[in-house]
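J.: Got a predicted structure plus its sequence, pasted below:
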Amino acid sequence: VGNRDDSNLYINMKLKAAAEIGISANHIKLPNTATEAEVLKCIASLNGDPAVHGFIVQLPLDSDKPINTEKITNAVAPEKDVDGLSSINAGKLSRGDLGDCFIPCTPKGCMELIRQTGVQVAGKRAVVVGRSKIVGAPMHDLLLWNHATVTTCHSKTLTLAEEVAKADILVVAAGKAEMVKGEWIKPGAVVIDCGINHVPDSTKASGKRVVGDVAYSTAKEKASYITPVPGGVGPMTVAMLMQSTVESAQRFLEKFQPGKWNIQYNQLTLKVPVPSDIEVSRSCIPKPIGQVAKEVGLLPEEVEPYGQTKAKVQLSALQRLQDQPDGKYVVVTGITPTPLGEGKSTTTIGLVQALGAHLHQNVFACVRQPSQGPTFGIKGGAAGGGYSQVIPMEEFNLHLTGDIHAITAANNLVAAAVDARIFHELTQTDQALYNRLVPSVNGIRKFSGIQIRRLRKLGINKTDPEALTKEEMNVFVRLDIDPATITWQRVLDTNDRFLRRITIGQSPTEKGFSRTAQFDITVASEIMAVLALADGLDDMRTRLGRMVVASSKRGEPVTADDLGVTGALAVLMKDAVKPNLMQTLEGTPVFVHAGPFANIAHGNSSVLADKIALKLVGKDGFVVTEAGFGADIGMEKFFNIKCRYSGLRPHVVVLVATVRALKMHGGGPAVIAGVPLPKEYTEENLQLLAQGCSNLSKQIQNAQMFGVPVVVAVNAFKTDTKAELALVVQLAKEAGAFDAVECTHWAEGGKGAVTLARAVQRASQAPSNFRFLYNVELPVTDKIRLIAQQIYGASDIELLPEAQEKVTLYTKQGFGNLPICMAKTHLSLSHDPEQKGAPTGFILPIRDIRASVGAGFLYPLVGTMSTMPGLPTRPCFFDIDLDPVSGEVNGLF
């Protein structure tokens, strides 16, 4: 801190010494205006940086502000306190724990000099003159624990000459020029002089010379060994600083295996029968989220805690780790599910618990954030279940860190801007619009950056607001939105059936300009898809700006950038873009980030979370993420959309199957949420099961089309028989799966997925020849047809008139080269949810095509597929409440 000449001289000596022996050393220089808080923040950053093995705070601190030096030195992590000045290291030294502390460099150098003389310290009488924390006091302790009989003298010692005369070993650090006289010294003594003092000397150009605390000229006649001043203890102090840094690095390597996390796992206490999810979640005390972050290698400044159990992670972590190799990338998907779901989230969490807590691999789960709509509906939460959960589950399922609320605000800002723009253009002249868009402030008009971009888009290369012609002013101020083409809807994160179709603009202030609109659920917003596919803040901002909200009456796309809201959207989303860190029941790390729908969007968690996690786990670690719905939807979009934009290449597909769903595909009765299962699902029926495995075979084939090994995870339920589970495993292998294993992670946590984890490890070593299903340069219709025929089993597609018009429009507008995101029922490989198994030969009807240009895909609407939120199937009666005393959430999700 500051710019003292003597401090700079000492620092330069240390930097030079470090460079000579190959230690990477840096000088962090804070100004003399630095506050105590600023110094402490800098120290905290270095404490948490695994690339730093040691650091020192150069004293004195040259600041204009009051700084508590003791507080500063004690803020240095003991394991990095290579100066040995913290109270913890001093305490360990005083207790004799010499192998578990750092010794201050000057006493350590003095001991090394004594050893170099060959004189045995043990049994000798040693005298230390001086009792400072830096030299005298630790020198006393060091000599004592090396078995000398030690006396400490100081300025108040009355018989100093007598005490010095007894010393076989004399260490002087009093800070007083030539205080110890030569005649005091015992003949043959070893004398270590730590003093540096300036005395007048007219023979020197500077008018002074450096002397020690011992009268050297007379003392050297009696001592057997004596250190000169300068050139004695000083260089040894620097050398010992270097040695302590090397020792710190050695200790670090002994404690932390390269590439291996030093992580604390939680031990589960399994109960039979398995309690409710909320009871299981509460049975395990989460680690402080700061500890989780430290365990996986995140620095303190990269973590923004939201309470004790969740935190945001700064994108700077990805930049810091950019040169690190990626780990293995695993995607969990499933067969075509029943309405109850088949346990993809539970399998994802069970798998990472097995890889981490049981096989001791670096592993991260990356999952989507659930919407409040399903959470308060029949489906419930999405934290996994049983003994394979993200915890705390109530934090996971409710609000989390507010990302969905940020998306709601941003989305509805765009919707408000669209209607406001239409209203003002209908009610104002060009000049009046221009005066409002480019107001005169203190007599000066100035274009904003976003307005300059719009002018460039219009081919107007002017920066002076007064220079626009009337024609240029007209095209600048008028977007001329055609209300019939507006595709941007308002959103709400609740299933509210009465907002599915509404009329807006009925207030008298809107002057009769009303129109029909609707509310979608927030996770269906294009902004959610943008968040999930962005690979950084700048990329997110660019994608937000190019979102198309409508067309003009000339048929040209109108974007968020045209509306002038891009910067505002980016500001609203600036925190949401940071992944959320949580943990599983067994203490493995989880990123929860983004939650786009898997029908009208791509149904995968964020690219950013995956990228950061892949760097953190290292080349031998694993990142396990989940793709929504069945493999025909979520997995296909994961490969063709998410991997295309992220540039990441998957190593393994985990395909989740259940006996229940396969029996349904074999012709079993309908599975209905909230209704007890028919006996066909609770009694052994191998024939029904074998017939249903056609769906499993098709989904294995779908994964293999992308060149990635497939491991089938048979998620076992208590009603499944051994014969049924064995049959699924057998038929999966016969269909080409790399392996197929039975899993009991819902009931046993990671222990129940160890066999699956080992299969995934083996599969990750197998050859992977990843490829996309189609080239985006193909015509829109051809891309849709490829997905329909190759993935779904259709014989062809049928584009209804509205869809055909959109193909023509989007191709004309320049969006024809975007990937395809099919909005199709998840309950069948076909467009008909009643068609189970693996239907073939059907014609896939394409009702309409919409564009999410900012996110970067076209989404055809297949059959009767709706973009609106699901309807509640019963009156609201929520079995959830808050304990008024503890504040805990009670009830079920």
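T.: Everything's here; your move.
J.: Just the buried residues of the lengthiest helix in the chain, please?
T.: Identified as the longest helix of the chain according to DSSP state H is helix 403-427. Going by neighbour count (16 or more other Cβ atoms under 10 Å), the buried part of helix 403-427 is 403-415, 417-419, 421-422. Just so you know, the C-beta spots here come from the backbone N, C-alpha and C atoms, and that holds for glycine as well.
J.: What is that helix packed up against?
T.: The helices and strands touching helix 403-427, judged by 3 or more Cβ pairs under 8 Å, 6 or more residues apart in numbering; DSSP states H and E, are helix 430-437, strand 490-492, helix 526-533, strand 548-551, helix 560-563, helix 566-572.
J.: Identify whichever of the ones you listed lies nearest to Gly856.
T.: Relative to Gly856, the nearest member of the helices and strands packed on helix 403-427 by Cβ to Cβ is helix 526-533, separated by 6.3 Å.
J.: name the helices or strands packed onto that closest one?
T.: In terms of contacts (3+ Cβ pairs under 8 Å, 6+ apart), helix 526-533 is packed against helix 403-427, helix 537-545.
J.: right, and the ones you listed - which one's nearest Thr33?
T.: When those are compared for distance to Thr33 using Cβ to Cβ, the nearest one is helix 537-545, at 30.2 Å.
J.: What score does the residue sitting furthest away from the middle of the chain have for pLDDT?
T.: Each residue of the chain has a distance to the centre, and by Cα atoms, centre = their mean the biggest one is for Glu183: 68.1 Å. Taken from the predicted model, the pLDDT recorded for Glu183 is 95.
J.: My understanding was that it contacts Val214; is that so?
T.: No: if you go by Cβ atoms under 8 Å, Glu183 and Val214 don't touch, sitting 11.6 Å apart.
J.: For the chain, which strand extends over the most residues?
T.: Using DSSP state E to define each element, the chain has its longest strand at strand 843-852.
J.: by contact count, what packs against the following helix or strand past that one?
T.: Towards the C-terminus, the helix or strand next in line after strand 843-852, according to DSSP states H and E, is strand 857-862. In this structure, strand 857-862 packs against helix 801-813, strand 843-852, with contacts taken as 3+ Cβ pairs under 8 Å, 6+ apart.
J.: ok, and what's touching the last one?
T.: The set of residues that contact strand 843-852 without belonging to it, under Cβ atoms under 8 Å, 6 or more residues apart in numbering, is 487, 526, 529, 547-548, 600-601, 780, 784, 788, 792, 794-800, 802-803, 806-807, 810, 815, 818, 821, 823, 830-831, 858-865, 867.
J.: now with 7 Å?
T.: The set of residues that contact strand 843-852 without belonging to it, under Cβ atoms under 7 Å, 6 or more residues apart in numbering, is 487, 526, 529, 548, 784, 788, 792, 794-800, 802-803, 806-807, 810, 815, 831, 858-863.
J.: cool, and stretch 773-786?
T.: Contact with stretch 773-786 is made by 640, 705-706, 787, 790, 796-797, 799, 807, 810-811, 816-820, 846, 858, 860, as judged by Cβ under 7 Å, 6+ apart.
J.: mind redoing it with 8 Å?
T.: Counting contacts by Cβ under 8 Å, 6+ apart, the residues touching stretch 773-786 from outside are 636, 639-640, 644, 705-706, 787, 790-791, 796-797, 799, 807, 810-811, 816-820, 822, 846, 849, 858, 860.
J.: Please apply the same query to stretch 858-867.
T.: 520, 524, 599-601, 780, 784, 803, 810, 815, 818-825, 831-832, 844-852.
J.: Now restrict those to buried residues only.
T.: Taking 16+ other Cβ under 10 Å as the criterion, what is buried in the contacts of stretch 858-867 is 520, 524, 599-601, 780, 784, 803, 810, 815, 818-825, 831-832, 844-852.
J.: Return the alpha-carbon coordinates of stretch 442-452 using PDB.
T.: The C-alpha coordinates for stretch 442-452 follow below in PDB (Å, rounded to 0.1, in the frame of the first residue of the first chain):
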ATOM      1  CA  ASN A 442     -30.400  22.400 -23.300                       C
ATOM      2  CA  GLY A 443     -31.000  23.200 -27.000                       C
ATOM      3  CA  ILE A 444     -29.000  20.200 -28.200                       C
ATOM      4  CA  ARG A 445     -30.300  17.100 -29.900                       C
ATOM      5  CA  LYS A 446     -28.100  13.900 -29.800                       C
ATOM      6  CA  PHE A 447     -28.700  10.400 -31.200                       C
ATOM      7  CA  SER A 448     -28.200   7.600 -28.800                       C
ATOM      8  CA  GLY A 449     -26.100   4.600 -29.700                       C
ATOM      9  CA  ILE A 450     -29.100   2.400 -30.500                       C
ATOM     10  CA  GLN A 451     -30.600   5.100 -32.700                       C
ATOM     11  CA  ILE A 452     -27.300   5.300 -34.600                       C
END
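J.: And Leu533, how far from Lys806?
T.: Using Cβ to Cβ, to the nearest Å, we find Leu533 at a distance of 21 Å from Lys806.
J.: Comparing those two, which shows the higher neighbour count?
T.: The neighbour count for Leu533 versus Lys806, taken as other Cβ atoms under 10 Å, is higher for Leu533 (28 against 21).
J.: before we move on, back to that, the longest helix of the chain versus helix 537-545: what angle between them?
T.: Orientation note: helix 403-427 sits at an angle of 40 degrees relative to helix 537-545 (axes from the mean of the first three to the mean of the last three Cα atoms, to 10 degrees).
J.: what distance separates helix 403-427 from the middle of the whole chain?
T.: For helix 403-427, the distance between its averaged C-alpha position and the chain's averaged C-alpha position is 30 Å (Cα atoms, centre = their mean, to the nearest Å).
J.: going forward, begin numbering at 11 instead of 1
T.: Sure thing, new numbering starts at 11, so read that last one as helix 413-437.
J.: now that helix against helix 440-447, angle please.
T.: For helix 413-437 against helix 440-447, the angle by the same axes, to 10 degrees is 150 degrees.
J.: what's the burial count for Ala27?
T.: Tallying neighbours of Ala27 according to other Cβ under 10 Å, which is how burial is gauged here, yields 16.
J.: give the contact list for it.
T.: Contacts for Ala27 were tallied using Cβ under 8 Å, 6+ apart; they are Val248, Ala249, Leu251, Met252.
J.: quick one: it is in a strand?
T.: No: residue state for Ala27 (DSSP: H, G, I helix; E, B strand; the rest coil) corresponds to helix; a strand is not indicated.
J.: distance of it from Lys816?
T.: 70 Å.
J.: for Val400, same thing?
T.: Applying Cβ to Cβ, one obtains 39 Å for the distance of Val400 from Lys816.
J.: cool, Glu566 as well?
T.: Distance, Glu566 to Lys816, using Cβ to Cβ: 15 Å.
J.: same thing with Lys846?
T.: From Lys846 over to Lys816 (counting by Cβ to Cβ), the distance is 30 Å.
J.: In stretch 738-751, which of the residues would be classed as buried?
T.: By neighbour count, and taking 16+ other Cβ under 10 Å as the criterion, the buried residues in stretch 738-751 are Val738, Val739, Leu741, Ala742, Ala745, Ala747, Phe748, Asp749, Ala750, Val751.
J.: Ends of it, what's the gap?
T.: Looking at stretch 738-751, the gap from its leading to its trailing residue is 9 Å under the measure Cα to Cα, to the nearest Å.
J.: that older thread, contacting residues for the residue nearest to the residue farthest from the centre of the chain when sequence neighbours are not counted?
T.: Closest residue in space to Glu193, ignoring its immediate chain neighbours: Thr228 at 6.6 Å, by Cβ to Cβ, 6 or more residues apart in numbering. Neighbour list for Thr228: Lys191, Gly192, Glu193 [criterion: Cβ under 8 Å, 6+ apart].
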